[in-house]
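A.B. asks: Predicted structure and sequence below. I'll ask about it afterward.
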Amino acid sequence: AFAMTARGVRPDPTRRGVLHVTATVRNDARWPQAPPVVVISLSDVDGRVVGARAVTPADYGHRTAVAIAPGDSVDIAFDVREPAGGVESFDFQLQ
């Protein structure tokens, strides 16, 4: 019962070939929940997935022992290496 309230993928201006990914997720459940794993997929213009990564709470800097309270949000930020070829779209999934 997480809701993604914001997301973004931008080229890192200081590092060539690196994308900076940000997201905010809110716990919409009535109970505390462990922070989610974020799966990002990058696709080309033809819809083919050219890269994917599952990012754990430890990877995005969240203390995994701390549950997210109902109604609270957590900010997520991490970097990914841009795959060769033109990335045209991004898909976010929470697990």
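C.D. replies: On my side now, so go ahead. Numbers count the residues shown, from 1 in each chain.
A.B. asks: Grab the most central residue of the chain for me.
C.D. replies: Residue closest to the average C-alpha location in the chain (CA atoms, centre = their mean): Val38, at 4.7 Å.
A.B. asks: Report the spatially closest residue to it, excluding sequence-adjacent ones.
C.D. replies: Val55 (4.6 Å; CB to CB, 6 or more residues apart in numbering). All C-beta spots, glycine's among them, are computed from the backbone N, C-alpha and C.
A.B. asks: count of residues packed around Ala84?
C.D. replies: Around Ala84 there are 9 other residues, counting by other CB atoms under 10 Å.
A.B. asks: how about it, secondary structure?
C.D. replies: coil (DSSP: H, G, I helix; E, B strand; the rest coil).
A.B. asks: Which residues are in contact with the residue nearest to it when sequence neighbours are not counted?
C.D. replies: Among residues not flanking Ala84 along the chain, Val50 sits closest, at 7.8 Å (CB to CB, 6+ apart). If a contact means CB atoms under 8 Å, 6 or more residues apart in numbering, then Val50 has Leu42, Ser43, Asp44, Pro83, Ala84, Gly85, Val87 as its contacts.
A.B. asks: re earlier: for the residue nearest to the centre of the chain, grab phi and psi.
C.D. replies: Per-residue torsions, Val38: phi -100, psi 130 (degrees, to the nearest 10).
A.B. asks: Same check on the one 4 residues further on?
C.D. replies: Backbone geometry at Leu42, expressed as degrees, to the nearest 10, gives phi -110, psi 130.
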